[in-house]
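A.B. asks: Return atomic coordinates for the entry below.
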Amino acid sequence: MIKIEINNSEFIMNSNISVLEACKYVGITIPRFCYHESLSIAGNCRMCLVEILNLPKPVASCAQPVMNNLKIFTDTPLIKKARENILEILLLNHPLDCPICDQGGECDLQDQTKIFGGDHTRFFFNKRSVEDKYCGPLIKTIMTRCIHCTRCVRFYNEISGFDYLGTLNRGSHTEIGSYVYKNSRSEISGNVIDLCPVGALTSKPYAFKSRPWELRTTESVDLSDGLGSNIYFHYKETQVLRVMPKINSNINESIISDKARFSFDGLQNNRLDKIFKESFNKFKEQNWNDTLKEIKFLLKKEENRILFLIDSELDLKSLSVIKSLINIFGNNKIKIKSIGNKTKSVNFQLHCLNNKISCLTNKSKFCFFLSTNIRIENAILNSKIRKKISLENLIVFSSGISDTHNLGINYINLNSCSISTLLEGKNENLSKFLVVSKNPIIFIGESLTRIGWNSSLLIQIIKNIIPTAILLDIKLSCNSKGLEFLNIKPVNKKIILNSSVIIGLNLNENFMSNKIIDLYLNKNRFSYLLKNKLIWINTHGSNLALKANLSIPSLSELEEEKIFLNLENKPQKTNKVFPMIGNSRTIRGLFSSCIINRKAKIEGKYLSFLLEIINKPELFLKTKAKLLLNKNFLRILNKNKFKIQNDLIKPIMEDFYISNNTSKNSITMAKCSQELRTEITNF
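C.D. replies: Residues are numbered from 1 along each chain as shown. Presented below is the predicted three-dimensional model:
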């Protein structure tokens with residue numbers, strides 16, 4: 001700790017910060033353009049000048065470290081005149097188009113010109129213009145507005161990992177651009193819109209839609225992957241216009257993926273808003289009274305065997321209602337199964353041994369990706385690892401097929417047998433890294449679960465071998481951990497054929513088993529096998545929904561409060577933004593209204609426990625710790641053997657932009673996917 005003076009007031013500060021940060025901590029605002037907390041120091045805008053005693057001229061506070069007995073002045077006449085001159089220089093070629101600029105109202109140049117700028121200019125030559133660049137379907141560029149703060153350049157180099165932009169030419173001809181015409185291939189490229197202090201880089205889908213003071217804001221959670229990034233929905237009347245990141249230092253910091261930022265239009269496009277019933281190969285509209293009577297009849301009919309086929313995108317509140325139906329009708333009548341995973345989950349919650357995302361800041365020298373292409377499966381975690389590589393000497397290995405990456409990964413083709421050999425310590429090249437390395441980081445992909453491995457047991461084995469290992473189980477869906485928490489097991493063909501009624505809840509055909517889809521898409525072929533009814537309950541339709549006997553619309557995260565568990569088992573809640581669309585209803589209300597005088601039982605122990613989790617997250621961790629102390633734990637651990645195969649481990653996500661129901665119906669994501677495919681060639 002050192003003692004400094006700021007504007008004749010003494011303060012005690014840490015010695016490893018800059019003058020700008022020291023002023024920020026004591027509440028003194030220093031204007032800046034090029035400085036940003038997440039980026040390296042550039043010091044090229046000179047807007048953050050301060051005067052230091054005994055120094056001949058002003059210095060850039062962002063690049064000046066604090067020293068003992070330093071005397072700093074931030075509001076002297078010299079500094080005020082310097083800031084006024086700098087703003088005059090920045091406005092020499094800047095166009096006066098604030099009324100039509102999408103950055104208007106939240107522009108740093110506007111704000112600082114009003115506070116620190118002058119009321120006249122001495123420049124009388126013609127302004128120069130710069131050609132706009134094409135950055136794909138997400139980012140709109142008007143490069144004449146650029147003030148060369150280089151935030152975007154540093155973001156692409158340091159965080160994104162793609163050297164897409166750079167500084168061209170010199171002097172008055174300086175501009176930001178790329179040497180080769182190409183699209184921005186980064187999965188987090190939309191964050192440069194937030195970084196740009198002026199209107200040079202803006203959102204293309206948001207162009208000319210609204211002004212920031214016309215928007216209302218609601219906090220929510222990103223459901224495009226298992227991380228659960230914190231976001232803001234900005235909406236006007238009954239339409240979401242943009243999504244912005246909410247700063248959360250423990251999860252996503254201040255960035256979000258492009259899928260989280262731009263796929264919101266899929267929440268309102270192609271929505272299923274009416275109830276349709278199949279009648280003689282035609283669909284007819286049906287009212288809610290007839291629908292509730294039909295579902296009530298199916299539930300109460302004794303000979304019916306009902307299968308709830310769910311996806312890992314279904315929220316915990318809806319899952320708790322479906323689980324409560326078993327207490328009413330019995331386990332023989334109602335089955336709840338999930339799609340996608342082939343392995344059985346463990347009811348003793350071994351996945352509570354997962355580390356937190358914040359543990360990635362610990363010092364490590366070794367990182368191993370086990371069957372995951374983290375760049376497209378979780379772009380935010382990929383950026384955290386890239387930042388760690390740039391700051392530390394981190395060696396990264398990855399198992400699977402080589403793919404485009406931005407981490408300098410050493411790829412090793414490992415199958416199931418070689419992974420078991422690695423964990424047994426028999427791999428000469430890699431096993432020594434696992435044992436010798438301090439705090440090794442290991443990411444476990446979901447593709448292992450698809451071929452029969454149990455990620456929870458795998459985490460337990462690795463923790464026994466390396467107690468200091470930092471383990472994160474990468475999940476592609478927003479509530480995969482919720483399915484494990486409620487012990488929902490995978491479905492098979494036999495259960496489907498033995499069920500008389502199948503109710504599909506929020507199914508995503510991307511992750512469904514091909515055999516299940518083929519059964520229904522070829523329903524005429526298998527008519528002698530499929531004598532059951534298919535009820536489709538979802539926010540959107542699909543090819544499989546066309547084979548359903550009854551299609552019922554449900555609510556999205558914009559119209560209902562939902563609870564999810566992210567990959568570090570943290571419960572998160574979305575907030576209601578809009579009223580329900582059309583005839584859509586909550587899944588909880590649908591099944592509770594079908595049963596007379598049973599609502600109290602449905603809102604029983606599952607729902608009350610989940611609501612208590614949201615209010616007291618520490619209770620959730622204590623409960624799971626008690627589950628580990630069960631006496632039958634070791635016996636179950638020994639019985640659950642891995643399926644050792646020689647199959648190559650392949651990533652299960654091929655297209656980053658189209659992965660769930662929302663992104664599949666997003667026009668913006670379809671354009672991004674089309675751009676991505678045009679760059680792929682066969683040679």
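
A.B. asks: Could you pull out the strands in the stretch 451-600 of the chain for me?
C.D. replies: Listed in chain order, the strands of the stretch 451-600 of the chain (DSSP state E, counting those that start in this stretch) span residues 470-473, 489-490, 501-505, 533-538, 550-553, 563-565, 571-573.

A.B. asks: and the ones you listed as a markdown table, adding distance to G190 and mean pLDDT?
C.D. replies: In this view, the C-beta of every residue, glycine as well, is placed from N, C-alpha and C. Compiled in a markdown table, the strands of the stretch 451-600 of the chain are given as follows (distance: least, CB to CB, whole Å; pLDDT from 0 to 100):
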| stretch | distance to G190 | mean pLDDT |
| --- | --- | --- |
| strand 470-473 | 24 | 86 |
| strand 489-490 | 35 | 80 |
| strand 501-505 | 31 | 86 |
| strand 533-538 | 27 | 87 |
| strand 550-553 | 30 | 90 |
| strand 563-565 | 23 | 88 |
| strand 571-573 | 21 | 87 |
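
A.B. asks: Let me see the contact set for E175.
C.D. replies: 130, 143, 146, 148, 167-169 (CB atoms under 8 Å, 6 or more residues apart in numbering).

A.B. asks: do F125 as well
C.D. replies: Residues in contact with F125 (CB under 8 Å, 6+ apart): none are found.

A.B. asks: where does this protein dip in pLDDT?
C.D. replies: Per-residue confidence of the chain (counting by pLDDT under 70) places the weak regions at 180-184, 340-354, 400-404, 413-429, 431-433, 435, 451-452, 509-531, 593-651, 679-683.

A.B. asks: Return the closest of the contacts of E175 with respect to Q674.
C.D. replies: Minimum distance to Q674 across the contacts of E175 is 24.8 Å, recorded for M143 (CB to CB).

A.B. asks: what about the closest one, distance to L87?
C.D. replies: Applying CB to CB, to the nearest Å, the value for M143 to L87 is 20 Å.

A.B. asks: same thing with Q460?
C.D. replies: Shown here: Q460 relative to L87, a distance of 60 Å by CB to CB.

A.B. asks: I28 is nearest to which of the strands of the stretch 451-600 of the chain?
C.D. replies: With CB to CB, the closest approach to I28 among the strands of the stretch 451-600 of the chain belongs to strand 571-573: 35.5 Å.

A.B. asks: Which strands or helices does that closest one pack on?
C.D. replies: Using 3 or more CB pairs under 8 Å, 6 or more residues apart in numbering; DSSP states H and E as the contact criterion, the secondary-structure elements in contact with strand 571-573 are strand 563-565, helix 605-615.

A.B. asks: Partner strands of that strand and their direction?
C.D. replies: When pairs are called by DSSP bridges, strand 571-573 turns out to pair with strand 563-565 (antiparallel).

A.B. asks: residues in contact with the partner strand?
C.D. replies: When contacts are defined by CB under 8 Å, 6+ apart, strand 563-565 is touched by residues 221, 223, 228, 315-317, 478-479, 481-482, 485, 571-574, 610, 613-614.

A.B. asks: Pull out the buried members of those.
C.D. replies: For the contacts of strand 563-565, a burial check counting by 16 or more other CB atoms under 10 Å picks out 221, 223, 228, 315-317, 478-479, 481-482, 485, 571-574, 610, 613.

A.B. asks: I'd like the contacts of E175 written out as JSON lines, with neighbour count, distance to N532 and secondary structure added.
C.D. replies: JSON lines is the format used below for those (neighbours: other CB atoms under 10 Å; distance: CB to CB, whole Å; DSSP: H, G, I helix; E, B strand; the rest coil):
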{"residue": "V130", "neighbour count": "19", "distance to N532": "64", "secondary structure": "coil"}
{"residue": "M143", "neighbour count": "15", "distance to N532": "60", "secondary structure": "helix"}
{"residue": "C146", "neighbour count": "23", "distance to N532": "61", "secondary structure": "coil"}
{"residue": "H148", "neighbour count": "17", "distance to N532": "65", "secondary structure": "coil"}
{"residue": "T167", "neighbour count": "13", "distance to N532": "64", "secondary structure": "strand"}
{"residue": "L168", "neighbour count": "13", "distance to N532": "64", "secondary structure": "strand"}
{"residue": "N169", "neighbour count": "9", "distance to N532": "69", "secondary structure": "coil"}
